[in-house]
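A.B. asks: What follows is a predicted structure for the sequence shown.
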Amino acid sequence: MRIGILALQGGFAEHAQILQSLNIQSFEIRKKEDLSQPMNGLILPGGESTTIGKLLKDLDMFDELKSIIEKGMPVFGTCAGMILLAKEIDGKSVAHFSAIDIRVKRNAYGRQLGSFFVEAEFKGIGTIPMTFIRAPYIESAGANVEILSVVDNNIVAAKENNVLVTSYHPELTHDNSIHKYFVDTFIK
Ligand code: GLN
């Protein structure tokens, strides 16, 4: 099994380390040609969604990546990655990949006090550590979206079809259970 990690900006290296702890191979996606490498799954990391979105367009990768996701490639987006996958972004008229029927609010916890750590429930796994950094949350979700974590009444993890998203960064903890869940539920 081989997982591609979008590596244009943000926390891609940490995802590779977590996958390595599960003995799963990964490779970095930095340019359009990397998208034709064999892959069983895809990770969109945290960072700055506007920057990643712009780089995807500038490097002529956006359409190809959108089509790969639309064809059913299992994809896991954390934080900015979740924003890239959302169907709607609060305050913006256009979204990026529109791959999961959620409406997200960016920097939803405020810009300055936006980083925090909690332990909370992930459906089917139990209590896990969650690191939030200037995180979005999910304001609303369509009927076919399964809600996986709720913190302070806000939805912070969900899935629909081939798409898994978390507001928080499981790759910044020592807990690899969400990555394992992604592989077991979406790929194996
Ligand atoms: N605030 C960032 C954005 O809007 C996301 C932050 C993150 O990925 N840690 O893209």
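C.D. replies: Arrived safely. Because the structure is a prediction, the values reported are computed rather than measured. Residues are numbered from 1 along each chain as shown.
A.B. asks: Lys71: how many residues sit nearby?
C.D. replies: Using other C-beta atoms under 10 Å, Lys71 has 8 neighbouring residues. (Glycine included, C-beta is placed from N, CA and C.)
A.B. asks: Then Asp34?
C.D. replies: By the criterion of other C-beta under 10 Å, Asp34 has 15 neighbours.
A.B. asks: A strand includes it, no?
C.D. replies: No: under DSSP: H, G, I helix; E, B strand; the rest coil, Asp34 sits outside any strand and is assigned helix.
A.B. asks: can you pull the pLDDT of it?
C.D. replies: As predicted, Asp34 sits at a pLDDT of 98.
A.B. asks: Helices along the chain, start to end?
C.D. replies: 12-21, 49-58, 62-70, 80-85, 177-182 (DSSP state H).
A.B. asks: Give me whichever of those is most buried.
C.D. replies: helix 80-85 (a mean of 29; mean count of other C-beta atoms under 10 Å).
A.B. asks: Now do it: which elements does it pack against?
C.D. replies: In terms of contacts (3 or more C-beta pairs under 8 Å, 6 or more residues apart in numbering; DSSP states H and E), helix 80-85 is packed against strand 41-44, helix 49-58, strand 75-78, strand 100-105, strand 163-166.
A.B. asks: just checking, what packs against the first one?
C.D. replies: Packing contacts for strand 41-44, counted by 3+ C-beta pairs under 8 Å, 6+ apart, involve strand 2-6, strand 75-78, helix 80-85.
A.B. asks: anything in that strand sitting right up against the ligand?
C.D. replies: No: contact between strand 41-44 and the ligand is absent, the nearest approach being 9.8 Å (criterion: C-beta under 6 Å from any ligand atom).
A.B. asks: can you check the third one too?
C.D. replies: No: when contact is scored as C-beta under 6 Å from any ligand atom, no part of strand 75-78 falls within range of the ligand; the minimum is 6.9 Å.
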